[in-house]
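Trainee: Pasted the sequence and its predicted model underneath.
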Amino acid sequence: MKHLLTTQGLSKDDAILLLDTSAQMAATQSRENKKLPTLRGRTVVNLFYEDSTRTRISFETAAKRLSADVINFSAKGSSVSKGESLKDTALTLHAMGADAVVVRHWASGAAHQLAHAGWLDAAVLNAGDGMHQHPTQALLDAFTIRRHLVGRVGDDGRGADASVGADLAGLRIAIVGDVLHSRVARSNVYLLHTLGAEVTLVAPPTLVPVGVETWPCRVSYHLDETLEQWQPDAVMMLRVQRERMSGGSGAFFPSPMEYSRKFGFDARRLAVLPDHAIVMHPGPMNRGLEISAAAADHPRSVIVEQVANGVAVRMAALYLLLSGDIASTNSSTSSTSTSTSSSTDERTAL
Amino acid sequence: MSTPSTTTYVLRGVRPYGTDPVDVVLADGVVAAIGAPGTVEVPEGAHEVAAQAAAQDGDSSGLVLLPGLVDLHTHLREPGREDAETVFSGTRAAAAGGFTAVHAMANTTPTQDTAGVVEQVYRLGQEAGWVDVHPVGAVTVGLDGEKLAELGAMADSAARVRVFSDDGKCVHDPVLMRRALEYVKAFDGVVAQHAQEPRLTEGAQMNEGVVSAQIGLTGWPAVAEESIIARDVLLAEHVGSRLHVCHLSTAGSVEIIRWAKGRGIDVTAEVTPHHLVLTDELARDYDPVFKVNPPLRTAADVEAVRAGLADGTIDIVATDHAPHPVEDKGCEWSSAAFGMTGLETALSVVQQTMVDTGRMTWADVARVLSQNPARIGRIDATQGRPIAVGEPANLTLVDAGATRAIDGRTQVTASDNTPFGGMELPGRVVATFLRGRATVLDGAVVDTTSSQSNSWNNAALEGAGR
């Protein structure tokens, strides 16, 4: 695997290898010395065109735990900025010898362009591009779902993970909210489907994209009906951007109150779910809008754990990209099915 | 520009509209003689044309003679964006593509919304001498869609403007559109509408559908085009005016035009070469060379516009030649400029999609790329004429049997943004004649004495554009 740009087209073997490697990385994070020597001497650049302190810190932590040199490059630009800034920045990073570039960009496709335009030859890891994809978010969501709903977590929460090697077959995941503008939704739909889970998107029709019919998922306009009748194993709430509510005739729904009434997740809706079901949110949350404080802080909420798992997943992604351990590429060369057990042994010895 | 050629040309074994071979003599700016091969009297010293061209392929059977092509929709960018194109470089590219006349769109800086600016562009075209340049006048001041520009002054100017368009922007206010349609009747003008409902396309980046949903780019829905076309044909009917619809791109738009024509509404429609062949699937790699407005649509839309062109619902093919410098395309998709070049590939794309597929004859090609656009632009006294003795020698000779690889960097236009780069297209323009003077000969543009004063300038610009 040269780049990680999208979950669409990611093979099931590669997805499971990423999750299994994440499990190993997570296990190392319970040690007193959390640092692995794996990427010593390698340079990882965090190239952020959009403010996202939490995602940047997560990637920075991941790279540092792997002993890589980390350079944070904030190139925040407005949506009207133009010219060759992306290209010039890429050429600069190339000249400085970056081994991997973690890129967050407001423009859909920016990571793809960095990887394929011939401007640099570093591994490109998409940390969110416009409304398109955010693959490590989907991976950390899948990892969290697998830990809770497939395997059993060890006593200390970081020990042996019985879910290693497993997919998410048969699990039902509801993704609720602003699907139209969400790279988290797009990433999760494809990854969760690849891993065998069933996905239902729940949103008002205004926040479902035209063309959704080709996505490997179902669509519902009714949260209560989905929760009661479909009984999802996990409910993933999406952040609603403030600007979607305003704009007069351009607003996507009549009012925050109506949205909250029909699509907000609260303790009442939580009570409808099966006992094992978990509540997720990629953050940052609008408490009181798409999720109530009672639901967000409930014992079945795994929102804080998602953040912790993000570091492990990003360590795994960086490790696999820079060590070239995945045979297939993200541009859909077929995977030689790596023997999970043997590669597990190798990495456990790290 | 208007000086007729003093060279006499004889075109040997060429096929007017793809029919049986003839010899054609061009002298004193007109078609002097047409006859069976070897039967026409050839003046002493006449320049033989087809011989050299045929020699390259060893076969003259594909030498099709067409009336000089007329583009109703060209962006020459001057004044204002001479880094992308100039009247000189753009019309030189037009000649290379087989054109003898172009309509220069109004979205220059300053806007072509006064008699002064349209006369400037008209004069630059005359000085360049590659093709006849007919400036399009803006409908509204500054293309702002708020106040009618002085349409009458532009019509009465030396440029004799007959086509008015805010192209790039839609005349979306229905009252303003009604007034414009009515007002231009006084001088037999036409409003050429860029049909794009602005509120439905805020921030739009590509066709709204399956691909946009997956790759996360804001959609440009077909209904934003179709709703404006539907409104405009009804307005044109109501006030009894002539309407031209620019670059329609959807199956629904074809249906609306078909309905309107069936109802007797005086509407004409155009399609671009790129909408005849390219689809929104090309956006998947986020290469902004495929970003254009209206956007590339689906395969079903491509089929619908081909069918509409073949059955006459769509009257013309127009290039929407939209040159942009590298820095406006070598960036994020969302930041990139809309538009693609087309003057040098239009005829090849029409041949590939319509002639080589058996859907149209070469006579049909002459109709949609020369006669109809000349008639709509009201320049049909001199352009889009039949190939007949005594007619102005505005002609294009194409080797339909040739194929060529497209490379933006080697095109004549000053900009590289062709969407056909790396593709092989059929057909090669062998010669273009503007009133009997060869602007293209043996497949290469002919830099004449009168244009040489400008050629250093063009070369410098081309160098700077790289």
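Mentor: Looks like it came in fine.

Trainee: Torsion angles phi and psi at the residue nearest to residue B:74 when sequence neighbours are not counted?
Mentor: Leaving out its chain neighbours, the residue that sits closest to residue B:74 by C-beta to C-beta, 6 or more residues apart in numbering or on different chains is residue B:102, at 4.2 Å. The way it works is simple: take the backbone N, C-alpha and C, and place the C-beta from them, glycine included. The phi and psi values for residue B:102, taken as degrees, to the nearest 10, are phi -140, psi 150.

Trainee: residue contacts, residue B:370?
Mentor: Listed by C-beta atoms under 8 Å, 6 or more residues apart in numbering or on different chains, the contact set of residue B:370 reads B:66-70, B:383-384.

Trainee: Sorry, slip of the keys, the one I care about is residue B:251.
Mentor: So residue B:251 contacts B:222, B:300-301, B:303-305 (C-beta under 8 Å, 6+ apart).

Trainee: Residues of chain B that sit close to chain A?
Mentor: B:199, B:202, B:208-219, B:221, B:285-286, B:327-328, B:330-336 (C-beta under 8 Å from any C-beta of the partner chain).

Trainee: what about 6 Å?
Mentor: For chain B, the contact set with chain A under C-beta under 6 Å from any C-beta of the partner chain comprises B:208-210, B:213, B:215-217, B:286, B:327, B:330-335.

Trainee: Give me the distance between the most centrally placed residue in chain A and chain B.
Mentor: Centre of chain A computed as the mean C-alpha position; nearest residue by C-alpha atoms, centre = their mean is residue A:137, 1.0 Å away. Note on residue A:137: its distance to chain B, by C-beta to the nearest C-beta, to the nearest Å, is 14 Å.

Trainee: picking that back up, ok, which pair from the residues of chain B next to chain A is furthest apart?
Mentor: Taking C-beta to C-beta as the measure, these span a maximum distance of 31.2 Å, between B:210 and B:327.

Trainee: More neighbours: which of those two?
Mentor: Neighbour count, other C-beta atoms under 10 Å in any protein chain shown: between residue B:210 and residue B:327, residue B:210 has more, with 18 against 15.

Trainee: tell me the contacts of the residue nearest to the more buried one when sequence neighbours are not counted?
Mentor: Leaving aside its chain neighbours, residue B:210 sits nearest to residue A:211 (4.2 Å; criterion: C-beta to C-beta, 6+ apart). If you count contacts by C-beta atoms under 6 Å, 6 or more residues apart in numbering or on different chains, residue A:211 has them with B:209-210, B:213.

Trainee: Does the nearest residue to residue B:356 once chain neighbours are set aside belong to a helix, a strand or coil?
Mentor: Using C-beta to C-beta, 6+ apart and skipping the chain neighbours, the partner closest in space to residue B:356 is residue B:426 (6.1 Å). Taken by DSSP: H, G, I helix; E, B strand; the rest coil, the conformation at residue B:426 corresponds to strand.

Trainee: Same check on residue B:368?
Mentor: helix.

Trainee: ok, it - how many residues close by?
Mentor: Using other C-beta under 10 Å, residue B:368 has 23 other residues around it.

Trainee: and it, what does it touch?
Mentor: Contacts of residue B:368 by C-beta under 6 Å, 6+ apart are B:316-317.

Trainee: distance of it from chain A?
Mentor: 32 Å.

Trainee: Where does the stretch 301-450 of chain B get nearest to chain A, which residue?
Mentor: Closest approach of the stretch 301-450 of chain B to chain A (C-beta to the nearest C-beta) occurs at residue B:332, with a separation of 3.7 Å.

Trainee: circling back: quick check: bridge partners of the residue nearest to residue B:74?
Mentor: residue B:71, residue B:133 (DSSP bridges).

Trainee: unless I'm mixing things up, it is touching residue B:132, no?
Mentor: No: checked against C-beta atoms under 6 Å, the pair residue B:102 and residue B:132 is beyond contact range at 7.6 Å.

Trainee: Out of the contacts of residue A:211, which is nearest to residue B:118?
Mentor: residue B:209 (38.5 Å).

Trainee: Now the closest one: closest residue in space, sequence neighbours ignored.
Mentor: Using C-beta to C-beta, 6+ apart, the nearest residue to residue B:209 is residue A:211, at 4.7 Å.

Trainee: Torsion angles phi and psi at the one you found?
Mentor: Torsion angles, degrees, to the nearest 10, at residue A:211: phi 100, psi 0.

Trainee: pLDDT wise, what is residue B:461 at?
Mentor: Per-residue pLDDT puts residue B:461 at 44.

Trainee: And residue A:319, by the same measure?
Mentor: pLDDT at residue A:319 comes out at 97.

Trainee: before we move on, the earlier item: now, which of the residues of chain B next to chain A lie within helices?
Mentor: Among the residues of chain B next to chain A, the residues falling in helices (DSSP state H) are B:210, B:213, B:215.

Trainee: sorry, back to before: go through the residues of chain B next to chain A and single out the one with the most neighbours.
Mentor: residue B:217 (28 neighbours).

Trainee: what's the burial count for the nearest residue to residue B:361 once chain neighbours are set aside?
Mentor: Setting aside the residues directly before and after it, residue B:361 is nearest to residue B:18 in space (C-beta to C-beta, 6+ apart), at 6.3 Å. For residue B:18, the count of nearby residues is 19 (other C-beta under 10 Å).

Trainee: swap in residue A:261?
Mentor: Residue A:261 has 11 nearby residues by other C-beta under 10 Å.

Trainee: what's the burial count for the residue nearest to residue B:74?
Mentor: Other residues close to residue B:102 by other C-beta under 10 Å number 35.

Trainee: Can you give me the distance of it to residue A:242?
Mentor: Distance, residue B:102 to residue A:242, using C-beta to C-beta, to the nearest Å: 48 Å.

Trainee: on that earlier part again, how would you label the residue nearest to residue B:361: helix, strand or coil?
Mentor: coil.

Trainee: so where's the stretch 251-350 of chain A shaky on pLDDT?
Mentor: Scanning the stretch 251-350 of chain A with the threshold set as pLDDT under 70 gives A:324-350.

Trainee: and residue B:328, what does it touch?
Mentor: residue B:337.

Trainee: ok, now the one 5 residues further on?
Mentor: Taking C-beta under 6 Å, 6+ apart as the definition of contact, the neighbours of residue B:333 are A:109, B:286, B:288.

Trainee: right, and residue B:405 touches residue B:424 too?
Mentor: Yes: contact criterion C-beta under 6 Å: residue B:405 and residue B:424 qualify, at 5.5 Å.

Trainee: And residue A:196, which helix or strand is it part of?
Mentor: Using DSSP states H and E, residue A:196 maps to neither a helix nor a strand.

Trainee: Oops, could you answer that again for residue B:10 instead?
Mentor: Going by DSSP H and E, residue B:10 is in strand B:9-16.

Trainee: helix or strand right after that strand?
Mentor: strand B:22-27.

Trainee: Give me the sheet partners of that next one and which way each runs.
Mentor: Short version: by DSSP bridges, strand B:22-27 pairs with strand B:9-16 (antiparallel), strand B:30-35 (antiparallel).

Trainee: which of these is buried the deepest?
Mentor: strand B:9-16 (a mean of 23; mean count of other C-beta atoms under 10 Å in any protein chain shown).

Trainee: Can you tell me which of the residues of chain B next to chain A is nearest residue A:237?
Mentor: Looking across these and measuring by C-beta to C-beta, the closest to residue A:237 is residue B:216, at 19.8 Å.

Trainee: what about the closest one, distance to residue A:203?
Mentor: 16 Å.

Trainee: next one: residue B:33
Mentor: As judged by C-beta to C-beta, residue B:33 and residue A:203 stand 72 Å apart.

Trainee: And for residue B:170?
Mentor: 30 Å.

Trainee: Residue B:162 now?
Mentor: Separation of residue B:162 from residue A:203 (C-beta to C-beta): 50 Å.

Trainee: Which one of the two is surrounded by more residues?
Mentor: Ranked by neighbour count (other C-beta under 10 Å), residue B:162 and residue A:203 place residue A:203 first, with 28 against 20.

Trainee: From what I see, that one and residue A:179 are in contact.
Mentor: Yes: using C-beta under 6 Å, residue A:203 is in contact with residue A:179, at 4.9 Å.
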